[in-house]
Each structure stands twice: as structure tokens, then as C-alpha cells.
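>>> sharing a model that was predicted from the sequence below.
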Amino acid sequence: MIRIANGQGFWGDSLEAPLKQIRRGPLDYLTLDYLAEITMSILQKQFARDPRAGYARDFVDMVGRGARDIIDRRIRVVANAGGVNPEGCRGAVGKALARPGIKIAVVAGDNILDRLDDLIARGIQLKNLDTGAPLESVRPRVQSANVYFGGAAIADALATGAQIVITGRTTDTGLVLGPMIHEFKWKPDEWDKLAAGTIAGHTVECGAQCTGGNCQVDWQSIPNFADIGYPIVEADPDGSFVITKHAGTGGRITLASIKEQLLYELGDPHEYITPDCIADFTSIQLRQDGEDRVRFCGIRGRPATDMYKVSISYSAGFKAVGTLMYSWPDAYAKAQASDRILRERLDRLGLRFDAIRTEFGGVNACHGPLAAEPAADISEVILRVGARSQDRSVIERFTKEIAPLALNGPPTVTGFGAGRPKVEEIVAYWPALLPKTEAAPRISVEET
């Protein structure tokens, strides 16, 4: 049995969670998930400005703070913190460790941004999985393009003896599956076991979201949110595993909390497609295996496809969002009136938007048209108006019409201390498929 912990569900998650994971009990592996689709485009922009950037700097700080524990406890760390510059990340991590002889492996080869024109010229259209449009239609606006590698590449990196593995774009599930493939020597066609490892990775990929965080079921009684425990996979060679956490930590692991996480970002439950296999979520058998322990078994899988998924981002115009808060009395009526006034003024200016949307915080921002009418004496309402356009100047002009409402619109406005809204570039997501023959992981190892 091996113990694989997750200490980071996204870039921006708790800075203390990874350190608590390695210090509060025995572990074999610590996994950290930093990347999302939008993150890759941000990192690509950083890298274009500075070739020393392009990776998750929080990871470097964590390694520096936890170096003694990681090394002395012989915990192996697997993180996709490399972003678009995994080699640069390795160099920074080596300095943070400040101890010679530590092997650090990098899994690269996922970044295909500089290969797009060649691929298109050879007839690989990288069609949008949602619309069917060829990538060529937005090619001048593409900002990043990364192949999702899986757990097999991470297992190969671990086989080099590296104590730390840094990847670029890999599947979230591969961070956990990779150590299981490596430790248990699973073969590439043991589909049921690969599916089990994939589902283990899916269960813990969002950190504390499976240990009671963001849980709908009886959330009021979940203990000690302030010190919530992050998940640990206790994995066995046959593919069965238990989700648990360190003793004495807050949160709660139950069938309910686990099931909620299993449904996260799930399409067809019969076909959860990854680079390593296709996992059948309907085959999962769960049982409560003691306090804060849920056991998985019976998982079935099928052969992997011959395609990699590619995450592509591209510029899709500009947006801005402005807010004003209205107080009692007649808070909702004031906010509605302000919205009407704003739209009339924008119309008189001749401004045309690709979209403009209004929400009333405290009334319908969460539930939209399904929300009931608020009480007449509601104490405060937030007017939130967003607009987008391909023309930046249109959005710039929009931002200059929000603040004036504080003095030339309905009364009792507050909450606009930040001034005019900020114009932001819209980065859109383009999912595509690439034959596996067109990309391969590149693994390299260096010692500090």
C-alpha cells in the first residue's frame, strides 16, 4: 500500500495545505495541481515577457519552506507547476531546495504552440470539439496550445529515481495515477487498474472539495473548517483504494462528500476519457470504511483512444464589469432604475456590444430568472453590469458611464471606491484533438 496526498486543488489554493500534508503524518507522495485552461494562457504571456517566468511560483515557495521535511521524510513530489516553462521551474526549485544530489525530473513536450502552423499545413485542422470549426479560423489570436499527457509519462519520470517531478500540461488525474503505475508496475493495457488510478486522481484533484469543503450535505455540522484536512489516497496494487485524511484534521469524508466530488466536471459517466484509459464511473463501488475513510473497488476501464486532447487559448475581445451598491429603502427598485438609465445612456452614445448582462446581487445573481422577487424591505442590492466587445474602445467608453450614476442617478449609492472598472482581455478556450503520433513526452533529469 502507498499513501498519495493531494495538497493543492488549483493555483490559489491554501498555501499551508501542502506543508500540513507532509508534516502531519506518513506519506509516500505529495501531488499538487496548479493548472487550469486559463492559467496556461496567463503563463504563456508571462513567459513571452520574461523567459525566466511561465511557471507556478507558489510551488517554488512551498518547496523552499518544506525542503527539510520533503528530503528527510523521503516524500516524492509530483506537480504540474511547470506550466509553459518546466525547465525554468526546475532551476528555481533546485535553488529552493538548497541541498545537492536531489534528482528533479521534468516532463515536457506538451507545448505545441510553435508547431501549430506546421500541423495545419499538413492537414491536421485541430477542429473545435464543440463547434467543429478549424483552428485556422482563429490562428492569429492563439495564445497557448498544450497537449494533455497522462499518468504514464509521470511514471516514466519517477522511474528515473527523481524525488521531484515537474510537468507542463498533464491531466489532473495523471498526478495520482503516475505514482500508482510506477509503484505497482501496472502494464499499459491493464485497463481496470488504470481506470481505478484515474478515478483516485479525479477524487482528490480538487483538494479539500472531497474532505468536506464545498459540500452541500449537512455542511453546518462539518467540524473545524478552519483546519480542514486535505485528501490522501491509500492505494493497493489490485486497484482498490481508500480516500482518507490525516487524523485530527478538520472536515469530513463520507459517501456524500465523495459522491459530490465524483460528479465534478463529469460528462458521460460511462466514458471518462483520459490519455491513459477510459474509466467507467458507473462501475464504482463505494463503502464507508470507518470514520473519514471511503473505500473504492470494482472499477472497470477500457482501452485508451488514439488521440490526445489539446487545450488551446485565444484572444476573444474585451470585457469590463462595473458594480454599484444601493441601500434601503427601495434598494432593488433603485438598482433596477439605475440599470435602465445606464442602458439608455449607452444606447444614446451609439455603443454596441457583443453582449451586455445585468445581475442584482442579493436578488438573482446566483439563481437568475429562477429567483423569487425579494422582500420589499431588502436592505441592500448590488447592481453588477458587464459588457464585452471585440472593440476595446467600446468597452473603455462603457467603463466611464458607471461611476457618474453615483451622483446623477438614484440615491444611496456606495461600493464604488475602486473607481472605473478595469478593461480586461477575454481569453477563450478551444478544445481539440491531436493524434498521439504527433506528440510525445520528453523526460529529462538533473541533480541539484
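All right, it came through fine. Predicted model, so just to flag it, every value in this text is computed and none were measured.

>>> could you report the pLDDT at residue 418?
Residue 418 carries a pLDDT value of 65.

>>> again with residue 52
Here the pLDDT value assigned to residue 52 is 93.

>>> what's the local residue count around it?
12 (other C-beta atoms under 10 Å). For every residue, glycine as well, the C-beta is placed using N, CA and C.

>>> with residue 156 instead?
So residue 156, with other C-beta under 10 Å, has 17 neighbours.

>>> pLDDT averaged over the helix or strand harbouring it - what is it?
Using DSSP states H and E, residue 156 sits in helix 151-158. What helix 151-158 shows for mean pLDDT is 98.

>>> touching that helix from outside, list them.
Here helix 151-158 makes contact (C-beta atoms under 8 Å, 6 or more residues apart in numbering) with 76, 78, 105-107, 165, 167, 170-171, 173-182, 188, 194, 197-198, 201, 275-276, 441, 443, 445.

>>> narrow those residues to those that are buried.
Burial by neighbour count, judged by 16 or more other C-beta atoms under 10 Å, picks out 76, 78, 105-107, 165, 167, 170-171, 173-182, 194, 197-198, 201, 275-276, 441, 443 from these.

>>> in strands, which of these fall?
Of the positions in the buried ones among the contacts of helix 151-158, 76, 78, 105, 106, 107, 165, 167, 443 sit in strands, assigned by DSSP state E.

>>> the first one against residue 28, yeah?
Spelled out, that is residue 76. Yes - if you go by C-beta atoms under 8 Å, residue 76 and residue 28 touch, sitting 6.8 Å apart.

>>> how about the helices in the stretch 101-250 of the chain?
All helices of the stretch 101-250 of the chain, identified by DSSP state H, counting those that start in this stretch, fall at 116-121, 151-158, 174-184, 191-204.

>>> kindly apply the preceding question to the stretch 301-448 of the chain instead.
Ranges of helices within the stretch 301-448 of the chain are 331-348, 392-399, 405-408, based on DSSP H, counting those that start in this stretch.

>>> and the longest one with helix 392-399, angle?
Pointing back at helix 331-348 there. If you take axes from the mean of the first three to the mean of the last three C-alpha atoms, to 10 degrees, helix 331-348 sits at 140 degrees to helix 392-399.

>>> packing partners of helix 331-348?
strand 307-327, strand 355-361, strand 380-389, helix 405-408 (3 or more C-beta pairs under 8 Å, 6 or more residues apart in numbering; DSSP states H and E).

>>> same thing but 10 Å
If contacts are counted by 3 or more C-beta pairs under 10 Å, 6 or more residues apart in numbering; DSSP states H and E, helix 331-348 sits against strand 307-327, strand 355-361, strand 380-389, helix 392-399, helix 405-408, strand 413-414.

>>> now that helix, how far from the centre of its chain.
Offset of helix 331-348 from its chain centre (C-alpha atoms, centre = their mean, to the nearest Å): 36 Å.

>>> report the mean per-residue pLDDT for it.
In this model, helix 331-348 has an average pLDDT of 97.

>>> for residue 240, grab phi and psi.
Backbone torsions of residue 240, given as degrees, to the nearest 10, read phi -80, psi 150.

>>> name the nearest residue to it, ignoring sequence neighbours.
Leaving aside its chain neighbours, residue 240 sits nearest to residue 297 (4.3 Å; criterion: C-beta to C-beta, 6 or more residues apart in numbering).

>>> wait, doesn't the one you found sit right on residue 200?
No - contact between residue 297 and residue 200 fails when scored by C-beta atoms under 10 Å: they sit 11.5 Å apart.

>>> neighbour count: those two, which is higher?
Comparing residue 297 with residue 200 by other C-beta under 10 Å, the one with more neighbours is residue 200, at 27 against 16.

>>> so what's the more buried one up against?
Contacts for residue 200 were tallied using C-beta atoms under 10 Å, 6 or more residues apart in numbering; they are 4, 6, 173, 176-177, 180, 231, 233-235, 239-243, 296, 299.

>>> measure it to residue 314 for me?
33 Å (C-beta to C-beta, to the nearest Å).

>>> same thing with residue 359?
26 Å.

>>> now swap in residue 232 and tell me
According to C-beta to C-beta, residue 232 and residue 314 sit 38 Å apart.

>>> which of the two has more neighbours?
Legend: neighbour count by other C-beta under 10 Å for residue 232 and residue 314, higher for residue 232 (28 against 20).

>>> doesn't residue 20 make contact with that one?
No - assessed by C-beta under 10 Å, residue 232 is found out of contact with residue 20, at 11.6 Å.

>>> identify the contacts common to those two.
5, 7, 246.

>>> counting neighbours, what do you get for residue 448?
By other C-beta under 10 Å, neighbour count at residue 448 equals 18.

>>> what comes up buried for stretch 217-231?
For stretch 217-231, the neighbour count (16+ other C-beta under 10 Å) marks 222, 228, 229, 230, 231 as buried.

>>> kindly reformat these as TSV containing distance to residue 88 and pLDDT.
What follows is the buried residues of stretch 217-231, written out as TSV (distance: C-beta to C-beta, whole Å; pLDDT from 0 to 100):
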residue	distance to residue 88	pLDDT
222	40	97
228	32	98
229	33	98
230	27	98
231	29	98
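
>>> show the contacting residues for the residue lying closest to residue 186 once chain neighbours are set aside.
Residue nearest to residue 186 in three dimensions, not counting chain neighbours: residue 193, with 4.9 Å by C-beta to C-beta, 6+ apart. By C-beta under 10 Å, 6+ apart, residue 193 lies in contact with 177, 180-181, 184, 186-187, 237-240, 277, 299, 301.

>>> these: which two are farthest apart?
Between any two of the contacts of residue 193, the greatest separation by C-beta to C-beta is 17.6 Å, found for 187 and 240.

>>> the more surrounded of those two?
residue 240 (18 against 10).

>>> pretty sure the more buried one contacts residue 299?
Yes - with contact defined as C-beta under 10 Å, residue 240 counts as touching residue 299 (8.2 Å).

>>> now the common contact residues for the two.
Shared contacts of residue 240 and residue 299, defined by C-beta under 10 Å, 6+ apart, are found at 193, 196, 200, 285.
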